[in-house]
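1. no FASTA, just this:
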DNA sequence: CAGGGGTTGTGCATTATTTCACAGCCAGCG
DNA sequence: CGCTGGCTGTGAAATAATGCACAACCCCTG
Ligand SMILES: NC(=O)c1ccc[n+]([C@@H]2O[C@H](COP(=O)([O-])OP(=O)(O)OC[C@H]3O[C@@H](n4cnc5c(N)ncnc54)[C@H](O)[C@@H]3O)[C@@H](O)[C@H]2O)c1
Ligand SMILES: NC(=O)c1ccc[n+]([C@@H]2O[C@H](COP(=O)([O-])OP(=O)(O)OC[C@H]3O[C@@H](n4cnc5c(N)ncnc54)[C@H](O)[C@@H]3O)[C@@H](O)[C@H]2O)c1
């Protein structure tokens, strides 16, 4: 029963998917859930899921399954999403405003606590309940906020620049929406989200799909 | 030299990343590029990249590297992104409007040609240069547009519903932004993009990161 | 035309991840 | 209490993906 071995990245992604699902069904009054029920709901292979949990010493009850409430708490503990976490966002454009207004974030304990931009026209504007601040003062501001998670929603050309500013301000992990690869020093984590890339892969799928068998 | 064997999904994702990068450097007048240069720019391991290309019979020149222009065209051909592709979008909310206004899409040949919603207040509104249409008429409209790529930007509770409508209208691949797992019939491709999941994984990283070694 | 520095394509070893399959456990029931 | 149907945890086998290492190749230079 390895407790602290290296965890495969796919395992973490599956746990996150599952966590999302558990928050869903929590509202309905489901008490316990089996790994195979999770498979049908999320597409995660049942044995895979059980093994994922076993990495962390999370166990269900044979013959019964997992206690929904407990399972959710345990996964939250693993992913460290039990407590509210401050997040700062750079780039108050189209995507940035959508993110600030996205209620799904606070619902999952991620709170955007500050928004920055470098455009004088944007600085000072109010986005939902936040005032856009000058990116030049990011470091200063974050010294007080203490956020360690940052989101890049600025243009690709500025992404590296923004990255450097974020890292300088003590940000330790970055979610990057700009369609470009950013360089970070060791000890800083990055995940890229690129819609175009997703569409490109879908486009490939599309070309390989058999013709529809409609009458 | 396997031409039409099963292609690993990571290979496609890497090609998409690389494609994005190539469009970047095309503007500057770079003629050729080596796999190791691609590695430093994108983080994709050089040998890996060469192997990825070899699946498709795309070859560079030993001692020289790859012709940028040609390579870009070849990858575009693989991913089938050489020609304009119509895309339809469901959900004219925060995220939906950001997507419609996102110039990166047409730049990469993806054109959002119609937007649908079920909220009477949204229907008829103009989003950039598109008028929001009633989702009830999606199938009818798409019979003319012939789009085969669909984007879901509606709420999670409606996602399955929207999926069914899309599939019914002849959509063959779906990019799903709703934080829920959707079921599709065989022969329909799906990719999910879930920001919360990304943040959750980052949150895990964060907890495992060594403390910053700042003086 | 020989030699050198640089780069590719790819078989093979290595590492990572998934899947199988089954012993062991649990609750309910007669 | 003993059996039964259902579900878990996990070692071992299978599959997938990556990284290595090197022959083959190309251009340039002298
Ligand atoms: N809009 C979308 O749906 C969408 C989708 C996928 C990816 N993206 C990517 O997200 C990023 C933002 O997209 P958008 O549509 O919101 O663009 P946008 O132009 O609307 O917003 C970009 C914002 O970043 C600000 N900015 C520019 N340079 C900056 C800097 N150095 N420091 C701080 N702020 C700076 C600009 O002033 C602007 O407000 C882009 O990289 C885009 O490719 C957008
Ligand atoms: N806003 C973000 O930054 C963001 C980020 C990540 C994921 N998401 C996800 O994207 C989706 C949309 O987010 P949003 O912030 O734009 O929400 P939103 O509420 O602003 O927009 C949702 C839109 O979908 C429409 N809609 C609802 N039911 C529909 C149906 N059955 N058919 C057609 N249209 C329908 C609504 O009328 C509304 O216009 C949500 O699932 C959300 O979780 C949003």
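-> Sure thing, it's come through. All of these numbers come straight from a predicted model, not from anything done at the bench. Ligands and ions are numbered 1, 2, ... in the order given.
2. can you pull out the strands in chain A?
-> Taking DSSP state E, the strands of chain A run over residues A:32-33, A:66-67, A:85-90, A:110-117, A:126-127, A:130-134, A:149-152, A:173-176, A:189-192.
3. For the first one, enumerate its sheet partners and note whether each is parallel or antiparallel.
-> So that's strand A:32-33. Strand A:32-33 has the following strand partners under DSSP bridges: strand A:66-67 (antiparallel).
4. show me the biggest helix of chain A in terms of residues.
-> What stands out as the longest helix in chain A, according to DSSP state H, is helix A:9-27.
5. Show me chain A divided up by domain.
-> A:9-79, A:85-197 (automatic domain parsing).
6. does the last one come close to ligand 2?
-> Okay, so that is domain A:85-197. Yes: contact of domain A:85-197 with ligand 2 (Cβ under 6 Å from any ligand atom) involves A:98, A:99, A:102, A:104. (Each C-beta comes from the backbone N, C-alpha and C, glycine too.)
7. How about the residue in chain A that ligand 1 sits nearest to: what's its closest non-neighbour residue?
-> Ranked by Cβ to the nearest ligand atom, the top residue of chain A for proximity to ligand 1 is residue A:93, at 1.7 Å. Closest residue to residue A:93 in three dimensions, ignoring its sequence neighbours and counting by Cβ to Cβ, 6 or more residues apart in numbering or on different chains: residue A:153, at 6.5 Å.
8. Then residue A:20?
-> If you skip the residues right next to it in sequence, residue A:20 has residue B:179 as its closest partner in space, 5.5 Å away by Cβ to Cβ, 6+ apart.
9. Ok, residue A:163 next?
-> The spatially closest residue to residue A:163, leaving aside those adjacent along the chain, is residue A:182, at 4.5 Å (Cβ to Cβ, 6+ apart).
10. on that earlier part again, and the longest helix of chain A, which residues are buried?
-> Applying a neighbour-count criterion of 16 or more other Cβ atoms under 10 Å in any protein chain shown, one finds A:11-24 buried in helix A:9-27.
11. same deal with stretch A:110-118?
-> Counting neighbours by 16+ other Cβ under 10 Å, the buried set in stretch A:110-118 is A:110, A:112, A:113, A:114, A:115, A:116, A:117, A:118.
12. how close does the residue nearest to the third one when sequence neighbours are not counted sit to residue A:203?
-> Think residue A:113. Among residues not flanking residue A:113 along the chain, residue A:86 sits closest, at 4.4 Å (Cβ to Cβ, 6+ apart). Plainly put, residue A:86 is 37 Å away from residue A:203 if you go by Cβ to Cβ, to the nearest Å.
13. quick one, which of those two is more surrounded?
-> Between residue A:86 and residue A:203, counted using other Cβ atoms under 10 Å in any protein chain shown, residue A:203 has the larger neighbour count: 27 against 15.
14. can you pull the contacts of the more buried one?
-> Contacts for residue A:203 were tallied using Cβ atoms under 8 Å, 6 or more residues apart in numbering or on different chains; they are B:79, B:80, B:81, B:85, B:149, B:173.
15. Please apply the same query to residue A:40.
-> Residue A:40 makes contact with no residue under the criterion Cβ under 8 Å, 6+ apart.
16. can you rerun that using 10 Å?
-> With contact set as Cβ atoms under 10 Å, 6 or more residues apart in numbering or on different chains, residue A:40 has these partners: A:34, A:46, B:181, B:183.
17. that older thread, ranking the domains of chain A by burial, who's on top?
-> Sort the domains of chain A by mean neighbour count, taking mean count of other Cβ atoms under 10 Å in any protein chain shown, and domain A:85-197 sits at the top with a mean of 19.
18. for it, how far is the first residue from the last?
-> With Cα to Cα, to the nearest Å as the measure, the ends of domain A:85-197 fall 29 Å from one another.
19. which stretches of chain A have low pLDDT?
-> Applying pLDDT under 70 to chain A flags residues A:1-5, A:212-215.
20. quick one, helices of it?
-> Taking DSSP H as the criterion, chain A carries its helices at A:9-27, A:35-42, A:46-55, A:68-79, A:94-100, A:104-107, A:138-145, A:156-168, A:195-208.
21. Check which helices and strands the fourth one is in contact with.
-> Other helices and strands packing on helix A:68-79, by 3 or more Cβ pairs under 10 Å, 6 or more residues apart in numbering or on different chains; DSSP states H and E, are helix A:9-27, strand A:32-33, helix A:46-55, strand A:66-67, helix B:195-208.
22. How about it and DNA strand D, any contact?
-> No: no part of helix A:68-79 sits close enough to DNA strand D to count as contact by Cβ under 7 Å from any atom of the strand; the gap is at least 9.8 Å.
23. rewinding a little: mind putting the residues of domain A:85-197 next to ligand 2 in a markdown table, distance to residue A:72 included?
-> Formatted as a markdown table, the entries for those read as follows, by distance: Cβ to Cβ, whole Å:
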| residue | distance to residue A:72 |
| --- | --- |
| A:98 | 27 |
| A:99 | 25 |
| A:102 | 21 |
| A:104 | 16 |
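24. which residues does residue A:158 contact?
-> The contact partners of residue A:158, by Cβ under 10 Å, 6+ apart, come to A:90, A:91, A:118, A:135, A:152, A:165, A:178, A:180.
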